[in-house]
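Chemist: Show me the folded form of this:
(one chain, ligands or ions: 2)
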Amino acid sequence: MAGYSVDPDVKFVKEIQKLGGESLKKCFQCATCSVICPLSSDEKPFPRKEMIWAQWGLKDKLVKNSDIWACHQCGDCSTYCPRGARPGDVVAAARAYAIREYAFPRFMGNLVGEGKYLPVILAIPLAIILLVLAALGNLKIPAGEIVYSKFLPIKFVDSIFLPFAGLAIISLGLGVRKFWNEMSPSRYRHLVGRNFFKSLLETIGEIVGHVRFKKCGTNVGRFTAHLAVFYGFVGLFATTTMVVFYEYILHRETPLPLYDPAKILGNISAIILFIGISLVIRNRLANPDQSSSYFDWSLILMIFGVVTSGILTELLRLANIANLAYPMYVVHLMFVFYIIGYLPYSKLAHMVYRTVALAYKRQVETIGM
Ligand code: SF4
Ligand code: SF4
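Modeler: Ligands and ions are numbered 1, 2, ... in the order given. Purely as a prediction, here's the structure:
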């Protein structure tokens, strides 16, 4: 009988533990988690197999596995695990590791993923913004009515953000391509690629409706919080698109009046995002058993930072407190940069990896592979 040799990657096991899967060694493979998981399928159940791959340090199997992206960390499996191995947290740690593994360039994944580099990560956009302000001779607080577009004209904001947004898109694309190539066996890739667009559209429809989230039982509060964060971001993205249209096509002056449709949409979206991220923080704090690694908290706090500084930027302008309004605007831009410029390396990248993995799973199920 042919033997099967396992070459465990001990460093990988330690990394998974550091990323929130510290209890993974408690698992004794009873499979309760795979039975309990509301998102697991009979044909390809999870997360029992992911637990043994994590225990054995089988990095290559775990990281390229589409099933780790099918999990929404609802915690149902962790609640019922008789050994307290917290499989939901282990799978979440595997996703965090995967984002770092596929990061391009790799060192950026380590920089954004490690708490000790946060000051550097935030200092980069801050320094760029301050340098541009210095070049414009606007490092002092301007007198008169508060108009952010005179302090830092929109074309300069765009000249800072657009190149970094472009780089972020390219980096994310390269990371996702590598993930795709590892996830889909080359002999089947042409089959999976066929009609993939249809599976992708169906997956996006499912994500927009948060259909899979609704199936989670134990941690139902995550559904509302995630939904609010998701739609808050969607609203703010639509607002940004409208403002770009106003600026470059209609040549409208800013600040926009409070009754302008873009302003109304932006303010409502900001409130929804603020409520959503506050609920996320409350849920995490109220559930100390759930693993919360630096990778989780860094994105949560950056989203809280971007929405809070955005709301304060507007309120301070309306209250005409220039000494606070302009510095707050700079802080807000720094947070915006974090969200956009570091997207391929932060937890936010899960939006893209999850979408691609779920579409892949759907396609594989459709063609019966
Ligand atoms: S993680 Fe827990 S429930 Fe799942 S197989 Fe291991 S011991 Fe059983
Ligand atoms: S956390 Fe929820 S979705 Fe993820 S494996 Fe466990 S039961 Fe399934």
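
Chemist: Show the average pLDDT along the top helix by length along the chain.
Modeler: Longest helix in the chain by number of residues (criterion: DSSP state H): helix 154-183. Over the span of helix 154-183, the pLDDT mean works out to 95.

Chemist: swap in stretch 289-305?
Modeler: Per-residue confidence for stretch 289-305 averages out to 89 on the pLDDT scale.

Chemist: What residues sit buried inside that stretch?
Modeler: Of the residues in stretch 289-305, those with enough neighbours to count as buried (16 or more other Cβ atoms under 10 Å) are 290-291, 293-296, 298-300, 302-305. C-beta coordinates here come from the backbone N, C-alpha and C atoms, glycine included.

Chemist: ok, so of the residues you listed, who is nearest Y342?
Modeler: Compare each of the buried residues of stretch 289-305 with Y342 using Cβ to Cβ and the shortest gap goes to M302, at 8.5 Å.

Chemist: Could I get the full set of helices for the stretch 101-250 of the chain?
Modeler: Taking DSSP state H, counting those that start in this stretch as the test, the helices found in the stretch 101-250 of the chain are 106-113, 118-136, 148-151, 154-183, 189-193, 196-208, 221-245.

Chemist: how distant is the first one from the center of its chain?
Modeler: Counting by Cα atoms, centre = their mean, to the nearest Å, helix 106-113 is centred 15 Å from the centre of its parent chain.

Chemist: And the longest one, by the same measure?
Modeler: Taking Cα atoms, centre = their mean, one finds the center of helix 154-183 at 14 Å from the center of the full chain.

Chemist: Tell me which residues of it come out buried.
Modeler: Burial within helix 154-183, assessed by neighbour count using 16+ other Cβ under 10 Å, is assigned to 156-157, 160-161, 164, 168, 171-172, 175-176, 179-180, 183.

Chemist: Please identify which two of these are farthest apart in space.
Modeler: Spatial extent of the buried residues of helix 154-183 (Cβ to Cβ) is set by the pair F156 and M183 at 40.7 Å.

Chemist: At the contact with ligand 2, which residues of the stretch 101-250 of the chain appear?
Modeler: C216 (Cβ under 6 Å from any ligand atom).

Chemist: which regions of the stretch 251-369 of the chain sit below the pLDDT cut-off?
Modeler: 290-291, 369 (pLDDT under 70).

Chemist: Please repeat the previous calculation with a cut-off of 90.
Modeler: Low-confidence segments of the stretch 251-369 of the chain, defined by pLDDT under 90, are located at 253-254, 283-284, 286-293, 363-369.
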